[in-house]
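Asker: what's the 3D shape of this:
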Amino acid sequence: MRETVSNSKICLGFALCMVLILNAWTTNAQNKVEAMKDVDLDDIGELLSIKIPDSVSEYAEAVVRHYSVKYIIDSESKMTMEVKKVITILHSGGDGHGNFYGFYDDVTKISGFKAFVYDKNGERVNKYKKGDLRDYSFSPWADAITNIRLLALQMDYTSYPYTIVYEYEKTFNDLFDIPDWHAIDSYKEGVLDARLVVENNSGIPLRFHSRNLGEEIEVFNQGNQQMLQASVENLKPLVKEPFSDPLHEITPGVKLVLTRFSYDGESGELSSWQDIGDWINQISEGRGHLPPHICQQVERVTSGLNSKKEKIKAIYKFMQDRSRYVSIQLGIGGWQPFEATFVHEKGYGDCKALSFYTRSLLLCAGIESIYTLVYAGDDPVRLNPAFPANQFNHVILAAPLDNDTVWLECTSMNQPFDYLGSFTHGRKALMIGEKLTSLVNTPSYTAEQNLKLNNGEFVLDREGNLQGSLVTTYQGLRYDLAQKQMSKGKEELEKDFTRALDFSGCSVDEIKVERTDESLGNPEGYRQVKMSVGRYGKTSGKRIFLKPNFEERHTRHYPAVKERDSDIVVDNPVLNVDTLVYQIPEGFTFEYVPGEVTYESEFGLYEQKIIPEDNKLTFTRKFLQPKGRYSPAKYDEFAAFKNKIVKADDRSVVLVSEE
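Answerer: So this is what the prediction gives:
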């Protein structure tokens, strides 16, 4: 069993959204309360005797027999979560499903933990209490300062199948971010019975957003209590599918928001996006002032610069040159930025602090910028604009110009100016102005902009050995690939390069990776490699078999499936263009050259040409993959398109000796 770290602790499809008003007493409320009563985990013989249907066990590593979560909300700052789970591990591949991981900190506590293990005959063979759990300090990143801790229990029972029973309580003293309920915790995990119960005693209206539940969620009142119940049964296990939505987006779940909350003593409203902005401004008030001597440094940095964009770039570089990123996750420090003066003097801060500090520096030059919340990560998370809630884990800065907006990622000290990269591009974000808060879109990139361009020249000898050079240009989001390499030494760069190839024997003589374009908002990475490959061409008698596609080979085969569960989702469009020239050995001619291929569909474009000319071979390849979402019914077409590319990328030219 796994818990996730609360989004409020990390520098972080409309289905149903409604406010529960205390005015809807129903005559059958008592029946609904009875329906919410949970199983007795001290007597689970009957539960263990239930035969698991084939539809739930097929492809499963583990099956959840019972999973119940009950939230008891007593005030704007107090909630108890009661959890019970019974999960059967079917074979060794499912051991990880039975482990327990629970996070806690100064305002969340875990108590009443107990766990039991039952063998395949239903006999209890082990039991655990809270004192048996391992207690670790937990840091999301190596450079984080945090008070988050992790309680963990890893199962070591190996006689299958076996069943684990968990039960515990968790108390919360801040409710800005109530944990989401998910009916399915992991891939390859079937579920017989999962349920959620919410008992709201606070008198504060509660909002909820459900996913993939339909009518399996009930809302009613009992006296002064607001009650919510959701339940699902017999959910088949899901297997991770290529190009799919995240698990939590395609399985049943509920997100809860209390419309008034308290976080570390700071109260706020949470009914609209504006409420979130107002609360952020409230806890940040008075922390952005910079004294005159710091503003004088800004004046010197921007002296002689005419345009606002040039000044923003100079100030951004000033911040980068004197700062470093340290994540702060202590109490309200998970949301409240350090004072700007503190960041200037100490030279460090987290995403909140560095963005807030940069905003203050820009104000010294009379330039307005906007503190912006976003959910960061290499795979864009789809924020639900119709459900105002904490759906963020990170802060960036936006500086509006007359006809444009400059975007600043303040946590990277080598990030190009006005470039967000794959970490925060192409998604909804929350701009928090002094008075107005609004949802906006961060910049996105087309396939043509996300270019990886390979140009190579190679010499092949009679034994099939290859020598040559490869020059690669990275643009758009592909620049991230180059940036990750720029701080590495030659040895590590060599290992990364050779590991990425799908053949062995490559020896790197020279390699360098650097940034080539310093223009505003248009970073470009550059990699140059000189290498040799022993026996790259496979010899057989008088012949050499040469694969001209040196680096950009697609090797993953997409098998046919009986049924695809999720949409086909391509979030990151790309364009690869290769031009490689091979000098063939003297005395050899071309016996076989594969023909030109072109594959074009809604899923993309692939073109390949192999052109022989005297003792030279030119290989060109173009692969364009657009952003898109396609129905599961189109998977066979998608897989066929991908598999044709795999086959084309693996084609060989046959050279034959004239001697």
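Asker: mind listing the helices for the stretch 451-600 of the chain?
Answerer: If DSSP state H, counting those that start in this stretch is used as the criterion, the helices of the stretch 451-600 of the chain fall at 479-486, 490-500.
Asker: save those as a markdown table, and put in mean pLDDT, mean neighbour count and distance to A62 too.
Answerer: The way it works is simple: take the backbone N, C-alpha and C, and place the C-beta from them, glycine included. Conversion of the helices of the stretch 451-600 of the chain to a markdown table gives the following (pLDDT from 0 to 100; neighbours: other CB atoms under 10 Å; distance: least, CB to CB, whole Å):
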| stretch | mean pLDDT | mean neighbour count | distance to A62 |
| --- | --- | --- | --- |
| helix 479-486 | 94 | 18 | 35 |
| helix 490-500 | 96 | 14 | 33 |
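Asker: reformat these as TSV; add distance to L247.
Answerer: Converted to TSV, these look like this (distance: least, CB to CB, whole Å):
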stretch	distance to L247
helix 479-486	25
helix 490-500	28
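Asker: what does E637 show for phi and psi?
Answerer: In terms of degrees, to the nearest 10, the main-chain angles of E637 are phi -70, psi -40.
Asker: my read: it touches S631, true?
Answerer: No: contact between E637 and S631 fails when scored by CB atoms under 8 Å: they sit 10.4 Å apart.
Asker: so between these two, which is more surrounded?
Answerer: E637 (14 against 10; other CB atoms under 10 Å).
Asker: secondary structure element holding R207?
Answerer: Element membership of R207, judged by DSSP states H and E, is strand 206-211.
Asker: where's that strand relative to the chain centroid, distance-wise?
Answerer: Averaging C-alpha positions (CA atoms, centre = their mean, to the nearest Å) puts strand 206-211 23 Å from its chain's average.
Asker: quick one: strands adjacent to it?
Answerer: Strand pairing for strand 206-211, using DSSP bridges, gives strand 17-20 (antiparallel), strand 253-258 (antiparallel).
Asker: and those strands, which one's lowest on average pLDDT?
Answerer: Lowest mean pLDDT within the strands paired with strand 206-211: strand 17-20, at a mean of 31.
Asker: spatially nearest residue to K120 (excluding sequence neighbours)?
Answerer: Spatial nearest neighbour of K120, excluding adjacent residues (CB to CB, 6 or more residues apart in numbering): P161 at 5.3 Å.
Asker: that neighbour: neighbour count?
Answerer: 16.
Asker: that one touches I89, doesn't it?
Answerer: Yes: distance between P161 and I89: 6.1 Å, which falls inside the contact criterion (CB under 8 Å).
Asker: hey, what's K127 bridged with?
Answerer: Counting by DSSP bridges, K127 is bridged to F116.
Asker: so what's V513 up against?
Answerer: When contacts are counted by CB atoms under 8 Å, 6 or more residues apart in numbering, V513 is found next to A482, Q485, M486, K488, L493, G525, Y526, R527.
Asker: got phi/psi on D74?
Answerer: Phi and psi for D74, reported as degrees, to the nearest 10, are phi -100, psi -20.
Asker: and the gap between it and W279?
Answerer: In this view, D74 and W279 are 21 Å apart by CB to CB, to the nearest Å.
Asker: when the two are compared, which one has more neighbours?
Answerer: Neighbour count, other CB under 10 Å: between D74 and W279, W279 has more, with 21 against 14.
Asker: hey, what's the residue lying closest to that one once chain neighbours are set aside bridged with?
Answerer: Closest residue to W279 apart from its sequence neighbours, by CB to CB, 6+ apart: G268 at 3.5 Å. Counting by DSSP bridges, G268 is bridged to F261.
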